[in-house]
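Novice: with the sequence up front, the predicted model follows.
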Amino acid sequence: MRTNRLIQCLLLLWVAGLSCGPALTVSSDYDRNVNFSRYKTFTMFNTDSMSNTVSELNKKRIISSIKNEMLKKGFQENTTSPELLVNTVAIFKDKTNVSSTTSYYGYGGFYRPYAWGAGGLSSTTSYNVDNYKDGSLIIDIIDASTKSLIWQGTGNKEIDKPAKDLDKAIADAVASIMASFPPGAAKK
């Protein structure tokens, strides 16, 4: 009975592991000489930079998600005289991953690759080629008065298939990227 439950638990963990896609890798950096608590307002800046890489619908989702995150963090949107400019860049690259496996045959199988008599050792090599898209979303926070970059967050992920719920996937990605903004703020 216990063995059956153990096998069921292991099988469940294995299936759960297979269902997880590639994780979003997030990094951020900021100017340590900036007092982020003095900023109260923001506006989106140069949103046309995404037009060549992202569909219009996804562009709207990204901008909406960034605005929502900024509002959650206590910033107010001000398009006439903002203190912060928020810029986004999306980059997609086609990538290829090539891996190979070599199998040796002979006496003793794989663990003892030597043979007796005529014929000797034989081997076969198989190659696996995977094509995928590598996607990055970069969010820049710029001081509006000095036009200098003060914070940057990047999210990178191997995109293996389209997300089922793009609204949620993009909102979650933006929230993960912006989790460390503003630096030094108390985590909720």
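Specialist: On my side now, so go ahead. Numbers count the residues shown, from 1 in each chain.
Novice: separation between residue 166 and residue 138?
Specialist: Here the criterion is CB to CB, to the nearest Å. By it, residue 166 lies 19 Å from residue 138. Any C-beta I mention is one placed from the backbone N, CA and C, and that applies to glycine too.
Novice: helix, strand or coil for residue 184?
Specialist: coil (DSSP: H, G, I helix; E, B strand; the rest coil).
Novice: for it, give me its contacts.
Specialist: Contacts for residue 184 (CB atoms under 8 Å, 6 or more residues apart in numbering) come out as 36-37.
Novice: where in the protein is the helix or strand with the lowest mean pLDDT?
Specialist: Within the chain, no helix or strand scores below helix 2-19, which has a mean of 38 by mean pLDDT, DSSP states H and E.
Novice: what residues does the helix or strand following that helix touch?
Specialist: Later in the chain than helix 2-19, the nearest helix or strand by DSSP states H and E is strand 25-30. Residues from elsewhere that reach strand 25-30 (CB under 8 Å, 6+ apart): 36, 150-157, 176-177, 179-181, 183.
Novice: now the element after strand 25-30, going C-ward?
Specialist: In N-to-C order, the element after strand 25-30 by DSSP H and E is strand 41-44.
Novice: after that next one, which helix or strand is next?
Specialist: Note on strand 41-44: by DSSP H and E, the next helix or strand toward the C-terminus is helix 56-72.
Novice: just checking, what packs against that following helix?
Specialist: Here helix 56-72 touches strand 41-44, strand 76-77, strand 84-105, helix 166-177, going by 3 or more CB pairs under 8 Å, 6 or more residues apart in numbering; DSSP states H and E.
Novice: ok, 6 Å please
Specialist: Where contact means 3 or more CB pairs under 6 Å, 6 or more residues apart in numbering; DSSP states H and E, helix 56-72 is packed against helix 166-177.
Novice: where does pLDDT dip in the chain?
Specialist: Confidence mapping of the chain against pLDDT under 70 gives the ranges 1-22, 47-53, 94-95, 103-123, 130-134, 160-162, 185-188.
Novice: ok, now with 90
Specialist: Applying pLDDT under 90 to the chain flags residues 1-25, 45-59, 89-137, 156-167, 169-170, 183-188.
Novice: what's the burial count for residue 75?
Specialist: Residue 75 sits with 20 neighbouring residues when counted by other CB atoms under 10 Å.
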